[in-house]
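Engineer: here is the input, now give the coordinates:
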Amino acid sequence: MNVLDYTKLCPEQSAKTVEGLAQLLADMQVFYTNLRGFHWNVKGHDFYQLHAYFESTYDAYATHIDDIAERILQLGGQPSSHFSSYLKVAKVQEQCSKCISGCDMLKNVLETYSFLLEAERTLLTSLDAKDAATADLLTGFIAEQEKAIWMLSAMLSGDCCKK
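Structural biologist: Numbering: from 1, shown residues only. Predicted structure coming up:
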């Protein structure tokens, strides 16, 4: 049974969307793992605040990852579930969380948000006009990341990284 027969989305366009979502899935999986490492390895004066921040952020991305994988399935695709597959295609790079300061961790998160935001906007502009569900999913990610960028930028321009 083909779900697209019932949703009436174009199979060719849906296949292209699945490719874009698969890329986003790989990038978010690596980001999620980086966040876990940051959570486990952050040290210093801002430990409590950053430890909690990284945990809430990776919890949110666990949900986003699941949403993307389920959307891939809804579009007739098959999401990868192997980290080795993600690492082959991900543009987000693994981070050595034992090697960097809490401030550098936050800078990496900010840079990753910026990268994901651009990838999501690009994917959003390529969607079939009928694919409102994928557009809604991406728009939600974009809104969340824009707010996170604003908040992290404010934090990083203050005293956070001057200690």
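Engineer: tell me the contacts of residue 74?
Structural biologist: 3, 7, 133 (C-beta atoms under 8 Å, 6 or more residues apart in numbering). Where C-beta positions appear, they are placed from N, C-alpha and C, glycine not excepted.
Engineer: pull up the gap between the residue nearest the centre of the chain and residue 112, please.
Structural biologist: Nearest to the geometric centre of the chain sits residue 28, at 3.6 Å (C-alpha atoms, centre = their mean). According to C-beta to C-beta, to the nearest Å, residue 28 stands 9 Å off from residue 112.
Engineer: please apply the same query to residue 69.
Structural biologist: Distance from residue 69 to residue 112, by C-beta to C-beta: 19 Å.
Engineer: and for residue 124?
Structural biologist: Taking C-beta to C-beta, one finds residue 124 at 18 Å from residue 112.
Engineer: which of the two has more neighbours?
Structural biologist: A side-by-side neighbour count of residue 124 and residue 112, using other C-beta atoms under 10 Å, places residue 112 first with 21 against 17.
Engineer: tell me the SS of residue 18?
Structural biologist: helix (DSSP: H, G, I helix; E, B strand; the rest coil).
Engineer: quick one: stretch 19-39 to chain centroid distance?
Structural biologist: Centroid separation for stretch 19-39 versus its chain: 5 Å, with C-alpha atoms, centre = their mean, to the nearest Å.
Engineer: CA atoms of that stretch as CSV?
Structural biologist: The C-alpha trace of stretch 19-39 is given here as CSV (Å, rounded to 0.1, in the frame of the first residue of the first chain):
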residue,chain,number,x,y,z
GLU,A,19,16.3,13.3,0.0
GLY,A,20,16.3,16.7,1.6
LEU,A,21,14.8,15.3,4.8
ALA,A,22,17.3,12.5,4.9
GLN,A,23,20.1,15.0,4.8
LEU,A,24,18.5,17.0,7.5
LEU,A,25,18.1,13.8,9.6
ALA,A,26,21.8,13.0,9.3
ASP,A,27,22.8,16.5,10.2
MET,A,28,20.4,16.6,13.2
GLN,A,29,21.6,13.2,14.4
VAL,A,30,25.2,14.4,14.5
PHE,A,31,24.1,17.7,16.2
TYR,A,32,22.1,15.6,18.8
THR,A,33,25.2,13.6,19.6
ASN,A,34,27.3,16.7,19.9
LEU,A,35,24.8,18.1,22.3
ARG,A,36,24.9,14.9,24.4
GLY,A,37,28.7,15.2,24.6
PHE,A,38,28.5,18.8,25.6
HIS,A,39,26.0,18.0,28.3
